[in-house]
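Colleague: Task: produce atomic coordinates for the following.
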Amino acid sequence: MVLKLKDYIELVEWAGKSIAYPNKSKMPTTIESTLAHLNLQPNQWLGQVQHFGTHQGYFVGKLILLQKKAEELKKKWLKGFKTCRKLMI
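Modeller: Alright, predicted model coming up:
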């Protein structure tokens, strides 16, 4: 999926505000459409961003792409498969 730079920046800005101020940041409709375009669940996306590099691993993306990366690394799985199943619709 291709995402415009403006949409990506808005998504990152909203995610940061939502993590820093969880009760004050309302999701703009533009973010809803961006997440829908990417087939992402809002709450799972925030969790993924907030905890990147800790409990879910260092790879983020569609499960099929993570599986291909695991094959490249000659591994059966990568830390983060379960989280990606939740993240992607």
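Colleague: how about residue 35, what does it touch?
Modeller: By Cβ atoms under 8 Å, 6 or more residues apart in numbering, the residues touching residue 35 are 11, 41, 42, 45. For the C-beta atoms, the positions are set from N, CA and C on the backbone; glycine is no exception.
Colleague: The first one is in what secondary structure piece?
Modeller: With the criterion set as DSSP states H and E, the secondary-structure element containing residue 11 is helix 5-20.
Colleague: ok, and for that helix, which residues are buried?
Modeller: Neighbour counts over helix 5-20 (16 or more other Cβ atoms under 10 Å) mark 7, 11, 14, 15, 18 as buried.
Colleague: Kindly report the same for stretch 66-81.
Modeller: Quick answer for stretch 66-81 (16+ other Cβ under 10 Å): 66, 67, 70, 78, 80.
Colleague: now stretch 12-19, how far from the chain's geometric center?
Modeller: 12 Å (Cα atoms, centre = their mean, to the nearest Å).
Colleague: Specify the angle between the host helix or strand of residue 32 and helix 5-20 in degrees.
Modeller: Per DSSP H and E, residue 32 falls inside helix 29-37. Note on geometry: by axes from the mean of the first three to the mean of the last three Cα atoms, to 10 degrees, helix 29-37 and helix 5-20 are set 100 degrees apart in direction.
Colleague: Residue 25 is in contact with residue 31, isn't it?
Modeller: No: counting by Cβ atoms under 8 Å, residue 25 stays clear of residue 31, with 10.0 Å between them.
Colleague: Most distant residue from the centre of the protein?
Modeller: residue 74 (24.3 Å; Cα atoms, centre = their mean).
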